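K.L.:
Next come a sequence and a model predicted from it.
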Amino acid sequence: MTIEEKPCITEKIKSPGNKFTWVSINNPDAKVMGYLKKHYKFHELDLEDCMSEIQRAKIDEYDDYLFIVLHIPITSKKGKHIKNAEIDLFVGQNFIITLHEDNDTVAQIFKRCKKSQKAKEEYMGKGTGYFLYMIIDDLFESCFPLLDDLGKQLNAVEKDVFELDYSRDCLKEVLWLKKDIINFRRIVMPQRPILAQLEHKNKKFLPENLDVYFDDIVDKIEKMWNMLENLQELVASLHETNESIISHNTNNIIKMLTMFSVVLLPMTFFTGFYGMNVKGLPFADNDFATLIMALIIAGVASAMIGYFRYKKWM
């Protein structure tokens, strides 16, 4: 996790029957790390991982606890683009500790469990293993609205790209979508094998009857991955289409400017030719010289435009 100038907030809540304690730590600092090391005897490398920059997703198994690092896609507060959020969890038989930085999902779960006995029983009434499943399930469930938003953005950009009166370049929006989808995939991909490992870890923390629950989370991630692949294919096609339309419009503009220049070429020739200060130019002494030259120029221009239309160049 990144270390920012934010106040560290540590809250605790006991499960029904005092089977275990949930310690929620928001924006952990060095003081809290010292407390955890002293009272829970966690390995110092795990505590360093909690305070360092974004760590890779992993599960470390010890005799008396599991240390889990997960990454969850969230939207940034500025610009609302996809970014990475790290969640660190220590899971023991009589405790579970979550460390995060202003994660809304974890904060909402804690708030519900604190205010509602029913919610506390639902989340914390079946031990730390089931509670771990509930937290992880809610974290990844919160990703689906983000995918829906990406789909809506993609549809909106697609509508703009295929407008009949194409008047603006949608390249910036398409590239932002591509970046968000790539970031989403980069975050989700390492979580797939990590969650698949949970059912094989120490059964005193994660009982065998929880296998099917963690399989359900893996299925959700696979569904999420399939949706991301579809979005990636769509945005790639949309990018190619947008580039083709831009290229087509540019070619049309160049074609029109070229034909305009070609039509002007004989006009420039005649006006330049008769602009010479020499004697003996045709019709130079005729009273209708200006009219004659205008008709000649108009005739040549009309002939060229007619030829262009015959060739279907315009």
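P.N.:
Done, it's in.
K.L.:
The lowest-mean-pLDDT helix or strand in the chain - contacts with which helices or strands?
P.N.:
Ranked by mean pLDDT, DSSP states H and E, the weakest helix or strand in the chain is helix 289-310, scoring a mean of 82. Secondary-structure packing of helix 289-310 (3 or more C-beta pairs under 8 Å, 6 or more residues apart in numbering; DSSP states H and E): helix 211-273. In short, each C-beta sits where N, CA and C put it, glycine included.
K.L.:
Okay, angle between the helix it packs on and helix 289-310 too, please.
P.N.:
Note on geometry: by axes from the mean of the first three to the mean of the last three C-alpha atoms, to 10 degrees, helix 211-273 and helix 289-310 are set 150 degrees apart in direction.
K.L.:
Now do the domain split for the chain, please.
P.N.:
Following automatic domain parsing, one finds the domains of the chain at 9-247, 274-310.
K.L.:
so how far does the shortest one reach from one end to the other?
P.N.:
Right, domain 274-310. Chord length of domain 274-310, first to last residue, is 31 Å (C-alpha to C-alpha, to the nearest Å).
K.L.:
Could you tell me what pLDDT the model assigned to residue 253?
P.N.:
Turning to residue 253, the model gives it a pLDDT of 83.
K.L.:
So what's the residue count around it?
P.N.:
10 (other C-beta atoms under 10 Å).
K.L.:
Help me confirm that residue 153 comes into contact with residue 177.
P.N.:
Yes - using C-beta atoms under 8 Å, residue 153 is in contact with residue 177, at 5.9 Å.
K.L.:
what about these two, which has more around it?
P.N.:
Using other C-beta under 10 Å as the criterion, residue 153 and residue 177 rank with residue 177 on top: 23 against 18.
K.L.:
doesn't the more buried one fall inside a helix?
P.N.:
Yes - under DSSP: H, G, I helix; E, B strand; the rest coil, residue 177 falls within a helix.
K.L.:
so how far is residue 155 from it?
P.N.:
Residue 177 is 11 Å from residue 155, where distance means C-beta to C-beta, to the nearest Å.
K.L.:
next one: residue 141
P.N.:
23 Å.
K.L.:
same check, this time on residue 239
P.N.:
Taking C-beta to C-beta, one finds residue 239 at 15 Å from residue 155.
K.L.:
Looking at these two, which is more packed in?
P.N.:
Between residue 239 and residue 155, residue 239 has the larger neighbour count (other C-beta under 10 Å), namely 18 against 11.
K.L.:
show me what contacts the more buried one?
P.N.:
Taking C-beta atoms under 8 Å, 6 or more residues apart in numbering, we find residue 239 in contact with 174-175, 178.
K.L.:
Mind doing that once more with 10 Å?
P.N.:
For residue 239, the contacting residues are 157, 161, 170-171, 174-175, 177-178, by C-beta atoms under 10 Å, 6 or more residues apart in numbering.
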